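**Student:** build me a model from this:
(one chain, ligands or ions: 2)
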Amino acid sequence: MNIAIGTTNKAKTEAVEVIARKYFDKPIFTCVKAASQVSDQPMTHEETRLGAINRSKNAIDETGAQLSFGLEGGVTEIDGVMYVCNWGALTVSNGTTYTASGAQIILPEEIAQEIRAEKELGPVMEQYTQRRDIRQGAGAVGIFTQGLVSRQMMFEHIVSLLIGQYLFSLTHE
Ligand SMILES: O=c1[nH]c(=O)c2ncn([C@@H]3O[C@H](COP(=O)(O)OP(=O)(O)OP(=O)(O)O)[C@@H](O)[C@H]3O)c2[nH]1
Ligand SMILES: [Mg+2]
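**Tutor:** Ligands and ions are numbered 1, 2, ... in the order given. Here you go, the predicted structure:
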């Protein structure tokens, strides 16, 4: 099974590879920097979801794979409180696209203010933690849960939701 992943971010590619290996026979993964066609810092659920969908569609177009995953992180606000949010999309070569969203967690106000000032969360987290490339490791979700939930774990859950929908469709068409 040829599987495309619309990113080279390790937290995302590892999440897809760990879960997909459980359900597909000898999967072959191709990671491409697929365009999200949304801003580098999506600011709503709608924009984050669209970024995931676009990545999955662009990645399958670029690779000719049978399945393709797009994973996108963003933020959203409820009553003035900012949350990090996450969306995934799985596109099948027949054109069907499944979507699912993942965990959301409050961002400290000092971080939220930086995002409202149009900075990207990844670099803001590096500044906040004085650690490089948080975005490919623990992630903001990992930092603010004291390591209980890493960014990869969070994306593994979304990938399971996507593959589950795909497997359900195979038995209920
Ligand atoms: O450290 C982080 N921990 C997180 O939990 C998290 N969730 C979102 N973001 C950031 O929001 C922007 C869009 O996200 P994003 O989907 O484009 O991710 P990314 O840029 O890291 O990877 P990619 O674009 O190479 O696939 C990027 O600045 C991400 O760094 C996070 N950064
Ligand atoms: Mg990005």
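
**Student:** get me the contact residues on the protein for ligand 1.
**Tutor:** Applying the criterion CB under 6 Å from any ligand atom, the portion of the chain that neighbours ligand 1 consists of 7, 9, 12, 41, 72-73, 84, 120-122, 125, 134-135, 139-141, 151. Heads up, the C-betas are built off the backbone N, CA and C, glycines and all.

**Student:** taking the residues you listed one by one, which sit in helices?
**Tutor:** With DSSP state H as the criterion, helices contain Lys12, Leu121, Gly122, Met125, Gly139, Ala140, Val141, Arg151 from among those.

**Student:** what's near enough to touch the fifth one?
**Tutor:** Applying CB atoms under 8 Å, 6 or more residues apart in numbering to Gly139 gives the contacts Ala11, Gly73, Met125, Ser150, Arg151, Gln152, Met154.

**Student:** how much space between the first one and Val18?
**Tutor:** Right, the one you point to is Ala11. Here Ala11 is placed at a distance of 11 Å from Val18 (CB to CB, to the nearest Å).

**Student:** intersection of neighbour lists for those two?
**Tutor:** Taking CB under 8 Å, 6+ apart as the contact definition, Ala11 and Val18 share the neighbouring residues Gln152.

**Student:** what sits against the residue minimising distance to the centre of the chain?
**Tutor:** Compute the mean C-alpha point of the chain, and by CA atoms, centre = their mean the closest residue is Leu71, 2.6 Å away. Taking CB under 8 Å, 6+ apart as the definition of contact, the neighbours of Leu71 are 5-7, 9, 12, 15-16, 52, 55, 86-88, 155, 158-159.

**Student:** name the nearest residue to Glu156, ignoring sequence neighbours.
**Tutor:** Counting by CB to CB, 6 or more residues apart in numbering, Ala15 is the residue found nearest to Glu156 once chain neighbours are left out, at 4.4 Å.

**Student:** helix/strand/coil for that neighbour?
**Tutor:** The local conformation at Ala15, judged by DSSP: H, G, I helix; E, B strand; the rest coil, is helix.

**Student:** just to revisit the earlier point, of the ones in helices among the residues of the chain next to ligand 1, closest to Gln66?
**Tutor:** Relative to Gln66, the closest of those is Lys12; by CB to CB it sits at 19.0 Å.

**Student:** sweet, I'm off.
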